[in-house]
Each structure stands twice: as structure tokens, then as C-alpha cells.
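Enquirer: When you get a sec, could you give me coordinates for this:
(one chain, ligands or ions: 2)
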Amino acid sequence: MAAKLRNCISCGKIFSSLYGEKMCPSCKEAQDRLENSVIDYVRANPKTRMPEIVKETGATDLVIRRLMEAGRLVGVNLKYPCKKCGKDINRGQFCESCAKEIEAEVQNVSDKAAAARAAAERGRGIHSKDSGGRGKGK
Ligand SMILES: [Zn+2]
Ligand SMILES: [Zn+2]
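Expert: Ligands and ions are numbered 1, 2, ... in the order given. This is a model prediction of the structure:
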């Protein structure tokens, strides 16, 4: 596949992206270094807290969070806010109750979709001659 020219999402410089990278090589390298320093720092200081890592490594909490969500900072007692309610969590993107809520919402949506489908099926099956009442309001 041919390389594509694109703008680095970090510095804006145009570079040729061979594998769909979003960052130029030098930004990618800087990011890798930063991520590794976070991982090293956390490994050396397992009881550290988010603000400390930010201060010590210069990484933003977004970088740290991304590492956590990717499971690259495991075994650390690090907390970061749930994406939905802001409660402290230490893995994934949502706290347990929000995860359940989201699951229920998804379930609800698919239930509704199923109900709508069922109603449509029923609608097709019935050809009532006496045109009265329900559903003809509009
Ligand atoms: Zn760059
Ligand atoms: Zn939550």
C-alpha cells in the first residue's frame, strides 16, 4: 500500500503515513517515550496517584488514562473518573453501576426495536375492514 500524506495530529506537520499512523515519527517517538516513562514510573511507584504521575512524567491525564484503559498500567491502585458519572474507577471506562445502566439501556433499545418489529409484523398481518380508532389520529 502506498504511503499517504497527512497532518500529524500532534504537531500538524505533514508526514507520509504508511500504516495509517496519525502522528509523525518524531511525535510518535515522543509519545512512546512519554508512555514508557509513565509505565516505568508507575512500576517503580505502585502507590502513586494520578496528579503525581502528571507532575513527575509530564504526561497528561489523558495519556495515563489511555494507558489504563488499554490495560497497560495494571496492578496499580490508580483511580480515574467514570466517563458517565465521574465516580472513581480503576479499570475500563465506566464504573460498575454505569456499566450496568448502559447495558440495560442497550438492552432496552434492542427490546424496543424488537417490539417495533413485532408490531410491524402484526400490522402487516391484519387488514381490518372497519377503519376506526387507534393509530389513525394523525
Ligand atoms: Zn508531529
Ligand atoms: Zn459511573
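Enquirer: biggest helix in the protein, by residue count?
Expert: helix 96-125 (DSSP state H).
Enquirer: is it true that C11 lies in a strand?
Expert: No - counting by DSSP: H, G, I helix; E, B strand; the rest coil, C11 is not found in a strand; it is coil.
Enquirer: Give me the secondary structure label for the spatially closest residue to it that is not a sequence neighbour.
Expert: Nearest residue to C11, sequence neighbours excluded (C-beta to C-beta, 6 or more residues apart in numbering): C27, at 5.4 Å. All C-beta spots, glycine's among them, are computed from the backbone N, C-alpha and C. Judged by three-state DSSP, the three-state class of C27 is helix.
Enquirer: go on, the one 5 residues further on?
Expert: Of the three states, D32 takes helix under three-state DSSP.
Enquirer: so how far is P46 from it?
Expert: Applying C-beta to C-beta, to the nearest Å, the value for D32 to P46 is 22 Å.
Enquirer: That's all I had, so thanks and see you.
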